[in-house]
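**Q** need a 3D model of the sequence below.
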Amino acid sequence: MQRPFPAYKGNDPYIFVSYAHDDAALVYPELVRLNGHGFNIWYDEGIAPGQSWRDEVALALTQCRVFLYFVTPRSIASSNCLKELNFSLSRERKILSVHLEKTELTAGLELSLSDRQAILRLEHSESDYQKKLADALQSLLPDTSYQTVVEQPPVTSNDTSIAILPLVNRSNDPENEYLCDGISEELISGLASLKGLRVASQISSFAFKNQNADLALMGNRLRVDHILSGSIQKSGNRVRITFLLSRVRDGTSLWSKRYDRELRDIFELQEDVARQVIHALKVELVGDQNAQLLDVGTENAKAYETFLLGLHAARTGTREELLRAVAHFNEAIALDPAYGRVYWWLYFCYWRLIGVGLPRAEMEPKGEAALDKARAAGFLPPVPWIKARRDLKPASRPNQRTLALEAARKIRNPDPEWRLFEYIQFGECLIAAGFNHGACDYYEYYLSRTHHDLSGTWIQPRYRSLLTQLGRFDKATELMTRLGMDGRAIVYSRTGQYELAAQVLATAGTMSFYFDRFYDLYWRREIDAATEYYRNADPDDLDPLEHYWVLFLLGDIESGLDHLEEDVARGAHPAVYRSNIGEVLTRSMLKKVEENPRYQALLKRFEIDAAWCDELMQIANDLSAITGIRVQPDDDY
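**A** Here you go, the predicted structure:
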C-alpha cells in the first residue's frame, strides 16, 4: 500500500508511530487524520520480517516526543514492534497505546503498558474515539512555541554574497587538516570585513566540510550567490592548492587557479586568492587599494604554521592534546613574541586545563599572563575581556542576577565590544536556572549572526550539550561532525546506533579510560563491564566531571555529588554543571540528582531558587520584543 505522506523531518516535536506492516490499511487513515490535525508524524511503511534494526529508526525513536503504539494481534506478534516499544521504554518516551482491535496482551506487554495511557477504539463511537485520541496526544505534546528558532532576517541588501568552504585534504596524512581549515578560516575572516561583500559564517560554511553537496543546495542553505571551494595537497614544505569560485545560479566557474608553492609563501598565496575573488566578484575596495586584506597576526610563516598545529590540537580538547597545544603555542611565541592570537589560545588552554583537573594555583597565573599579553598585542577576542577574566578567576564572577541584568542592558543597548555576546551570557543564566529551551533559542540567535572564530570558547560545546539534553540528537551530531568535536559516540550509543558508535570508538586513543566507551557499554546494558572499566581506570585519565557522570549513571548519587562539589569548588558554575549533567543523563536520572538536598544546596549557593527563576523568566519575556524569544518553564522534553 502506498504511503500517504512523507515521514516528518524537522526540529519540532513529533510522534513516532509503531504498527504492524499488515495493519497498514487500518493505520494509514489514522495517520492522515492526525497529520491533518497538525501533528507531526514519523512512521515507517513497515519493517519486513528479518530486516535489520536500522539506525534511523533508533534515532527517530529517541528523538520523538510521543510513542504511539497501534495495538492489534499482528502488532503484538511483531518482533520489530516489540523492539520499538522496549527501546522507547528504555529511552523514557511518553507512550500512548491505541487498541484498534480486541487484543489479548501477553504478560510481558501487559506489565510494560500497565501504567501507560491507553485508548480502546471499540469502546467509543467514531467521533468520540477521534476526539479522545487527539486530546490524548495534545496532552502529551506540550505547547512548543518556545522551540521556535529565531531565523535570520531576510537579506534585503544588494551586497554580493559568498560562502568559503573548508579546503579538502588531498594529502595522505590526515594531520594536514590543520592547514586546510586554517587557510579557509583566514579567507572567511579577511573577506568578511569588506563592505559590499557578505560572507557566510564559518559555522555555516563548515557544515559542508567533506561533503559532496550540490552547488544549488549549498547556495540555498547558506543564502549566498557564490561559493569558493578547493583542495590542498602537502608534501614536506611544499603545497599544491587549487581554488574554484562558482556562481550558484547557473554553476558557472568565475575563477579557478592552482598554486604550487612552499609553505613560507602561504601569506602571499592567501592574499592573492582574496584579491582574485574580489576582482572576480567585482567588489570595489574602499580606502587604500594596496592595504593587506588578510592579517593573520604574524609575518613569520613558521610561527603561523606552528600556531595552526597548536590550534588543531587545542580544539580536540583532551588533556593530552591541550598540553601538546601549549607546547606548539610556546614554540610559535618564541618565533614571534608579538603574535597576539597565540597568547589568546594559550589562555584558553590554561583555562581548560584547570577544568580537566590541573592545579588552579599553577594554571591561573599562566592564563592571566597570556590574557594580558593578548590584550597588549591588540588581539580582538571572541568574547568580551571581562568574560575571559571571570572564567579564569571564578571568584570575580558576579551573581546570577547581576549577570542577567548586565546582559539584558546590553541587549537593549548593544555594546560593540561584546559583539552580541550578551545573548550567550543571558543564555547561560537561563541554563543555570533550568530554562534549557529558552537558552537554546538564545544560543541559536547568537550563532546565526556571528562570523568570528568561536573555537577558542566553550560556546559551541555548551550548545551541543543543550541540543543533546533537549533530545535534538541529529542536530547535535551534525554540529560535532562539522566542527570536529568529540562526543558523537555518546549520541550514537544513547540513540541505539551502536554500529556508528563502534566506528567512532575504533579511532579512540589508548587511554585507560575514555568516557564515551563507558557510555557505550552502559547503553548496551553491559553495566558490569562498564563498572569494571571505570574502576580499573588510571585516575589521571579521567576529567573531574567524568567521575560524577559515571557515578550518577551507576546510581551512586552521593559519591557523584562528592565529585560535583569538588568541581564547583574548582570554579564550575551552574551553567557548566547543569549542562554537563543533562547531556549524559536521562530525565528520570536527572530528576533524582536534582531532588537531592545536596544538589539543591549547590543551586542555593548561587542564589538560584523559585523566586529567581520567576524573576528571570519575566526579564527574558520583557526582552521578547527585541529578541523574538519567549521563555517558559521546560516540560520533560
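
**Q** by mean pLDDT, flag the weakest helix or strand of the protein.
**A** Lowest by mean pLDDT, DSSP states H and E among the helices and strands of the chain is helix 202-205, with a mean of 69.

**Q** check contacts around residue 187.
**A** With CB atoms under 8 Å, 6 or more residues apart in numbering as the criterion, the residues that contact residue 187 are 164, 228, 270, 273-274, 277, 294. Quick note: C-beta positions are derived from backbone N, CA and C, even for glycine.

**Q** so for the helix or strand harbouring residue 618, what gets flagged as buried?
**A** Following DSSP states H and E, the helix or strand that holds residue 618 is helix 610-622. Buried residues in helix 610-622, counting neighbours by 16 or more other CB atoms under 10 Å, are found at 612-613, 616-617, 619-620.

**Q** and stretch 194-201, by the same measure?
**A** By neighbour count, and taking 16+ other CB under 10 Å as the criterion, the buried residues in stretch 194-201 are 194, 197-201.

**Q** redo those as a markdown table? Include secondary structure and pLDDT.
**A** Putting those into a markdown table (DSSP: H, G, I helix; E, B strand; the rest coil; pLDDT from 0 to 100) gives the following:
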| residue | secondary structure | pLDDT |
| --- | --- | --- |
| 194 | coil | 82 |
| 197 | strand | 85 |
| 198 | strand | 84 |
| 199 | strand | 85 |
| 200 | coil | 80 |
| 201 | coil | 71 |
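
**Q** for those residues, which one is nearest residue 550?
**A** When the buried residues of stretch 194-201 are ranked by distance to residue 550 (CB to CB), residue 201 comes first, at 36.2 Å.

**Q** mind listing what the closest one touches?
**A** With contacts defined as CB under 8 Å, 6+ apart, residue 201 is in contact with 188, 450-451.

**Q** returning to what we had before: may I ask which two of the contacts of residue 187 are separated the most?
**A** Top of the distance list for those (CB to CB): 228 and 294, 13.7 Å.

**Q** out of these two, which sits in the busier spot?
**A** Set residue 228 next to residue 294 and count neighbours by other CB atoms under 10 Å: residue 228 wins out with 28 against 18.

**Q** now the more buried one: which helix or strand?
**A** Taking DSSP H and E as the criterion, the element that holds residue 228 is strand 226-235.

**Q** pick out whichever of the buried residues of stretch 194-201 sits closest to residue 378.
**A** Here the nearest of the buried residues of stretch 194-201 to residue 378, counting by CB to CB, is residue 194; it sits at 20.4 Å.

**Q** for the closest residue in space to that closest one that isn't next to it in sequence, give its distance to residue 250.
**A** For residue 194, ignoring the flanking residues on the chain, the nearest one in space by CB to CB, 6 or more residues apart in numbering is residue 283 at 6.3 Å. Using CB to CB, to the nearest Å, one gets 20 Å for the distance from residue 283 to residue 250.

**Q** again, but for residue 619
**A** Using CB to CB, which is the criterion applied here, residue 619 is 49 Å from residue 250.

**Q** just residue 2 next, same as before
**A** For residue 2, the distance to residue 250 equals 36 Å [CB to CB].

**Q** repeat that for residue 565.
**A** As for residue 565, its distance to residue 250 is 62 Å (criterion: CB to CB).

**Q** more neighbours: these two, which one.
**A** Of the pair residue 565 and residue 250, residue 565 is the one with more neighbours under other CB under 10 Å, namely 18 against 8.

**Q** and the next helix or strand past the strand or helix carrying that one?
**A** Using DSSP H and E, residue 565 sits in helix 557-569. With elements assigned by DSSP H and E, the helix or strand that comes after helix 557-569 is helix 574-584.

**Q** that following helix packs against which elements?
**A** Helices and strands in packing contact with helix 574-584 are listed as helix 421-433, helix 459-469, helix 544-553, helix 557-569, helix 587-595, helix 597-605; criterion 3 or more CB pairs under 8 Å, 6 or more residues apart in numbering; DSSP states H and E.
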